[in-house]
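Visitor: Structure of the sequence below:
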Amino acid sequence: MAWTWIDLNMECVVYPKPVKVAELPLSDAVSDGESDLYGDGIEEFAGLRKYRTGDSWRRVSWKAAARTAQLHTKEFTGGKPEMQWIEWNAIAASGTEARLSIMARLVIDAEAGQWHYGLRLPGVEISPDHGVRHYQHCLKTLALYGRE
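Guide: Sure thing, here's the model as predicted:
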């Protein structure tokens, strides 16, 4: 028989539970401009660069990885990637928790679709971007909303 003291003095962040399905409200919150944004375009292949943490796995060149044993990310030019704002005031929900759950689903879907997306909550604005860091930052902001 053995025993020990366990110090459970820790903190963690619990993201809002996303709803199963949510759609972005129709508004001017989505754009698909025509700028020539190098590296984040959507039309023509421009080349490869070394993989950076946070790059989408969908843009990894698996053929190059097989040849070189290093990860490379595909870059594109022409056309601006689709962008959306996920806005607190545009979500039709009764109650804070329901609204946060809808917004969490929209963040998850936007990241999966490789959109550039931003959040607007009362007193908080996160500029549109994409990638793992941005995704986690948005979900953490939703999780901590109202605590600060």
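Visitor: Wasn't residue 93 part of a helix?
Guide: No. Assignment of residue 93 by DSSP: H, G, I helix; E, B strand; the rest coil gives coil, placing it outside any helix.
Visitor: what's near enough to touch it?
Guide: 99, 101, 102 (CB atoms under 8 Å, 6 or more residues apart in numbering). Where you see a C-beta, it was placed from the backbone N, CA and C, and this is true even at glycine.
Visitor: Which one of those sits in the busiest neighbourhood?
Guide: residue 102 (23 neighbours; other CB atoms under 10 Å).
Visitor: Wait, that residue touches residue 91, no?
Guide: Yes. Between residue 102 and residue 91 there is a contact at 5.2 Å, judged by CB atoms under 8 Å.
Visitor: Break this protein into its domains for me.
Guide: With domains defined by automatic domain parsing, the chain comprises 33-80, 82-148.
Visitor: For residue 15, which of those domains is the nearest?
Guide: Each of the domains of the chain has some distance to residue 15 by CB to CB; the shortest is domain 82-148, at 4.6 Å.
Visitor: Now do the same for residue 146: helix, strand or coil?
Guide: Put simply, residue 146 is coil when judged by three-state DSSP.
Visitor: So it sits against residue 96, correct?
Guide: Yes. Using CB under 8 Å, residue 146 is in contact with residue 96, at 6.5 Å.
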